[in-house]
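Trainee: Predicted model follows, preceded by the sequence.
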Amino acid sequence: MKQTRRNFIKTAGVASLLVPLSLPAIAKIRQTRLNSFVVPALDRGIRKGNNVSFKLAIQAGKTSFFNGVNTPTLGLNQSYLGPVLRAKRGDTVSINVSNHINEVTTVHWHGMTLPANMDGGPHQAIPPNKTWTSRFQIRQEAGTLWYHSHAMHKTGPQVYHGLAGMFILDDEGSDKLGLPNEYGVDDIPCTIQDRRFNQDGSFSYMSMMPDRMMGMMGSIVLVNGVVTPTLVAKKTLLRLRLHNGSNARTYNLAFSDGRPFHVIASDCGFLHKPFQTNQVRLAVAERVEILVDVSDRKEVLLKSLASSAGGMMGMMPMMQMNNKALNIMTIDARQAKQSARKVPAVLRNSTLNLNPKAATATRQFELEMGMMGRGGMGGMMGGMMNRMDNGGRDGMFRINGKSMDINRIDFQVKANSTEIWEISNASPMAHPFHVHNVQFRILDRNGKRPHPSESGLKDVVLVHGNERVRIIMKFPEYSDAKVPYMYHCHILEHEDQGMMGQFVVV
Ligand SMILES: [Cu+2]
């Protein structure tokens with residue numbers, strides 16, 4: 001029987017409207033979920049030579065994640081999420097963003113090298129009923145980038161409700177590597193997000209005590225806005241562009257039968273050669289591209305395995321939500337046609353020269369949360385209790401002892417310079433660290449070389465508790481003494497509560 005929204009609310013009862021869905025309630029609505037895989041609309045803009053213009057309208061709407069249940073959501077040109085934008089190196093893109101919701105927002109081009117005033121961070125706020133145009137030249141390698149709200153103190157709720165989308169970049173050589181490249185056929189974008197729903201169908205946001213500290217996590221997984229969908233494979237070799245668009249959760253992705261697959265790209269570009277594995281970790285905001293062979297024409301489940309990585313180790317059960325196993329999506333390959341593509345032996349080398357000997361500055365960043373210094377869970381809990389009532393904005397989440405202040409520039413960087421950043425984590429929780437405007441390479445983790453799946457260009461790196469990670473980056477030629485770029489933890493609730501800083505390039 002199809003359940004209408006009205007019946008759903010009647011059954012649920014008014015008193016429980018703001019209570020997160022219980023397990024029986026989830027089981028009930030799962031029976032009526034809408035679960036065909038959706039390939040997001042591809043938007044190549046309007047092209048005149050190398051000038052490409054896009055239009056994005058930020059809007060409020062309602063989305064049916066379950067039959068007969070409408071969830072109030074935000075989206076770009078649609079009710080939830082936005083189109084996949086696509087451009088190539090050498091293009092000058094002009095993106096007109098209009099704000100039709102009743103709060104300030106921004107759209108940040110995550111992973112993009114660009115002038116600071118075009119970045120879409122907190123300084124490029126778009127008030128309600130206003131329009132902002134971002135214009136920049138694509139100067140970097142092919143990669144799977146994304147865009148999302150970066151509004152001051154509002155990034156978490158706005159992204160959670162849907163203000164995000166993918167941005168695919170191509171370059172001269174990226175289409176000549178022999179990779180699956182038919183959009184939506186064998187080259188498939190997958191934005192993975194976990195969500196929690198209230199009884200009335202609305203998203204549950206910051207409604208439980210651990211949300212503020214751990215970030216928002218839920219047990220219902222959406223891929224491109226569909227609950228644990230089934231992708232009917234059209235070809236026997238699939239290229240999945242896996243994007244963690246969640247607010248806080250780290251996934252440990254693997255197939256249900258343990259089949260191997262090849263990682264071919266990290267956040268901002270191809271690996272030198274495909275790396276075969278049967279599991280890959282994807283922290284918030286990270287992307288990997290993988291090739292998976294489904295020529296056995298079976299049904300296989302992409303899952304997130306239970307793991308302690310990315311969460312708090314050995315902490316109380318309520319804090320282990322980041323660790324539990326989840327189903328992401330099913331691939332049904334029973335009808336798949338033989339692919340003409342093979343996994344290439346070699347991809348290519350990056351043209352971005354990142355030489356540690358060229359580094360002219362080394363900077364230290366210490367990520368901290370709670371009232372404690374290094375170590376000590378009790379202090380952190382005490383800190384959380386004390387700070388819950390004021391939104392936690394006055395110092396619970398810090399980098400180098402300081403919470404984000406939009407009027408404070410933390411340091412200056414020289415244009416065209418190479419720098420090494422050492423990021424250490426003084427908290428027991430892992431934090432995905434993101435730097436705007438650059439693609440970096442991970443030099444080492446606690447002195448050890450990074451995993452091969454993160455050997456390519458990146459813009460986010462997960463830093464575990466008691467870990468020290470060194471990254472190297474070259475700042476491009478863009479400079480602006482007044483408008484800063486951000487660096488921050490990409491657990492959006494941590495960012496909103498102050499785990500962020502700003503630098504200018506001069
Ligand atoms: Cu964090």
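Mentor: Structure's in. What do you need? Numbers count the residues shown, from 1 in each chain.
Trainee: Report the contact partners of the residue nearest to residue 225 when sequence neighbours are not counted.
Mentor: The shortest distance from residue 225 to any non-neighbouring residue, by Cβ to Cβ, 6 or more residues apart in numbering, is to residue 80 (4.7 Å). For glycine as for every other residue, the C-beta is placed from the backbone atoms N, C-alpha and C. For residue 80, the contact set (Cβ atoms under 8 Å, 6 or more residues apart in numbering) comprises 61, 63, 73-74, 162, 225.
Trainee: Let's see that with 7 Å instead.
Mentor: 63, 73, 162, 225 (Cβ atoms under 7 Å, 6 or more residues apart in numbering).
Trainee: Find me the pLDDT at it, would you?
Mentor: As predicted, residue 80 sits at a pLDDT of 98.
Trainee: same thing with residue 237?
Mentor: pLDDT, residue 237: 98.
Trainee: Residue 263 pairs with what?
Mentor: residue 275, residue 290 (DSSP bridges).
Trainee: about what we covered before: farthest pair within the contacts of residue 80?
Mentor: 73 and 225 (8.4 Å; Cβ to Cβ).
Trainee: shared neighbours of the two, which are they?
Mentor: With Cβ under 7 Å, 6+ apart as the test, residue 73 and residue 225 both reach 63, 80.
Trainee: what's in contact with stretch 127-134?
Mentor: 94-99, 101-104, 118, 120, 124, 126.
Trainee: For it, buried residues please.
Mentor: Residues of stretch 127-134 classed as buried by neighbour count (16 or more other Cβ atoms under 10 Å): 132, 134.
Trainee: for it, what is the average pLDDT?
Mentor: 98.
Trainee: For the residue nearest the centre of the chain, which residues are in contact?
Mentor: Nearest to the geometric centre of the chain sits residue 285, at 2.3 Å (Cα atoms, centre = their mean). By Cβ under 7 Å, 6+ apart, the contact list for residue 285 reads 110, 244, 432, 434, 460, 490.
Trainee: which of the residues you listed has the most neighbours?
Mentor: residue 490 (28 neighbours; other Cβ atoms under 10 Å).
Trainee: Thought residue 286 was touching it, still the case?
Mentor: No: in this structure residue 490 lies outside contact range of residue 286 using Cβ atoms under 7 Å: 8.5 Å.
Trainee: Show me whatever sits in contact with both of those two.
Mentor: 432, 460.
Trainee: that older thread, if you look at the contacts of residue 285, which of them are in strands?
Mentor: 110, 244, 432, 434, 460 (DSSP state E).
Trainee: Turn the residues you listed into JSON lines, columns for distance to the ion and pLDDT.
Mentor: Shown next, in JSON lines, are the ones in strands among the contacts of residue 285 (distance: Cβ to the ion, whole Å; pLDDT from 0 to 100):
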{"residue": "110", "distance to the ion": "16", "pLDDT": "98"}
{"residue": "244", "distance to the ion": "14", "pLDDT": "98"}
{"residue": "432", "distance to the ion": "7", "pLDDT": "98"}
{"residue": "434", "distance to the ion": "10", "pLDDT": "98"}
{"residue": "460", "distance to the ion": "11", "pLDDT": "98"}
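Trainee: for those, which one is nearest residue 47?
Mentor: Distances from residue 47 to those, taken by Cβ to Cβ, are shortest for residue 110, at 23.0 Å.
Trainee: which residues of this protein score low on pLDDT?
Mentor: 1-34, 308-322, 371-394 (pLDDT under 70).
Trainee: residues from it in reach of the ion?
Mentor: 431, 489, 491, 494 (Cβ under 5 Å from the ion).
Trainee: what's near enough to touch residue 219?
Mentor: Residue 219 neighbours (Cβ under 7 Å, 6+ apart): residue 196.
Trainee: Could you check how far it is from residue 335?
Mentor: With distances taken as Cβ to Cβ, to the nearest Å, residue 219 is found 31 Å from residue 335.
Trainee: Burial check on residue 49, number of neighbours?
Mentor: As a burial measure, residue 49 scores 7 neighbours (other Cβ under 10 Å).
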